[in-house]
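1. how does the following fold in three dimensions:
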Amino acid sequence: MGSVTIAERMFRHDPRAMLYAPLRTVIWDDADERAWFTVDQPSAQFGSFGIPAVSAVGIELDRKLAALLEALRVEVPMALLSSTATA
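-> Residues are numbered from 1 along each chain as shown. Down below sits the predicted model:
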């Protein structure tokens, strides 16, 4: 799940960011037939590089992911709304 335009904003600073772009996601159901959407938190993945410009994109992606979940009427984890730059 991703955008090459957004990924390029990180690639120019550190090509290793492509290890996490596009975002890996899984939609699955459990034994009780409940649906789950699983994704790594973008700010945690991209913040690990310690590059402010890459970290900022990770935070932006947290907000975009939160907006997607809101549009789907799914509870948004507080971590997506409260992430801050780590670099």
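2. and Leu23, what's its pLDDT?
-> If you check Leu23, the pLDDT there is 92.
3. also Ser55?
-> pLDDT, Ser55: 96.
4. how much space separates Phe37 from Met10?
-> 23 Å (C-beta to C-beta, to the nearest Å). Where C-beta positions appear, they are placed from N, C-alpha and C, glycine not excepted.
5. with neighbour numbers in mind, choose between those two.
-> Using other C-beta atoms under 10 Å, the more surrounded residue of Phe37 and Met10 is Met10, with 24 against 13.
6. tell me, what residue is most central in the chain?
-> Pro42 (2.6 Å; C-alpha atoms, centre = their mean).
7. dump the residue contacts of it.
-> Tyr20, Leu23, Val57, Gly58, Ile59, Leu61, Asp62, Leu65 (C-beta atoms under 8 Å, 6 or more residues apart in numbering).
8. element containing the fifth one?
-> In other words, Ile59. According to DSSP states H and E, Ile59 maps onto helix 52-71.
9. just the C-alpha atoms of the helix or strand just after that helix, please, in CSV.
-> Toward the C-terminal end, the helix or strand that comes next after helix 52-71 (DSSP H and E) is helix 78-82. In CSV, the C-alpha atoms belonging to helix 78-82 read as follows (Å, rounded to 0.1, in the frame of the first residue of the first chain):
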residue,chain,number,x,y,z
MET,A,78,-3.8,6.7,19.5
ALA,A,79,-0.2,6.0,18.4
LEU,A,80,-1.2,7.1,14.8
LEU,A,81,-2.5,10.4,16.1
SER,A,82,0.2,11.2,18.6
